[in-house]
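Peer 1: Give me the fold of what follows.
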Amino acid sequence: MVVSCPSKAKSTSEHLFLPIQRGPPSPTSIYCHHSALPAFNFPHAVKASRQGSSMSLTTDVFEYNRPGYYRVYYIATKSEDVIKALEKPHPVVLMFWASWNEPCRVMMRPFWDMAVAKRKEAVFLRVDVDKFKDIVEQYQVEALPTFLLIKGRVDKGRVVGAKVDELNTTIKANI
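Peer 2: Residues are numbered from 1 along each chain as shown. Down below sits the predicted model:
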């Protein structure tokens, strides 16, 4: 299934907000006017089943001005996004990834599933290693994908590679 970008958004953090029908999303190659290449992505905002209280901590940190929707995870567009997430008292799960890396694309679905499951307990943030070399160096990321769980500015867990079970265990143990 190919979905075209429905918005005229200028930033990459806004162009993947697609409502999802009932049930989990199916893998989608999303083509967007921001890039000629497929993004191999899952929508990172979904329609809330009810209005009112916060539906995800990621939405609390990175506001989303579309009523009735909440962020599942956030795609960092600038270094300040990572700093903003880490300033909050909540746990932060960082996924360091690259669009050209096959294991990163394989881990998008498990990352999405975990972000949905733990959306009220942690902030989920995706960081492109090609755009944020300073952050990659700061957290000593040497292989892809790398997942970091940071709580109170302390590294609580690190998973390197496409290891779904290990990532799930690390997140459950520290959140």
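Peer 1: can we go C-alpha only for contacts and neighbour counts from here?
Peer 2: Will do.
Peer 1: all helices for the protein, in order.
Peer 2: Along the chain, counting by DSSP state H, helices occupy 57-61, 79-87, 102-106, 108-117, 133-138, 164-174.
Peer 1: quick check: mean pLDDT across the fourth one?
Peer 2: Here the mean pLDDT over helix 108-117 is 91, rounded to a whole number.
Peer 1: Buried ones in it, by neighbour count?
Peer 2: Across helix 108-117, burial judged by 16 or more other Cα atoms under 10 Å covers 108-112, 114-116.
Peer 1: do the same with the third one
Peer 2: Neighbour counts using 16+ other Cα under 10 Å place 103-105 of helix 102-106 among the buried residues.
Peer 1: Could you provide these in TSV, with additional columns for distance to Val159 and pLDDT?
Peer 2: Formatted as TSV, the buried residues of helix 102-106 follow (distance: Cα to Cα, whole Å; pLDDT from 0 to 100):
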residue	distance to Val159	pLDDT
Pro103	13	95
Cys104	12	95
Arg105	16	94
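Peer 1: and of those residues, the nearest to Val93?
Peer 2: Nearest to Val93 out of these is Cys104 (Cα to Cα; 15.0 Å).
Peer 1: Right, I'll call it a day here.
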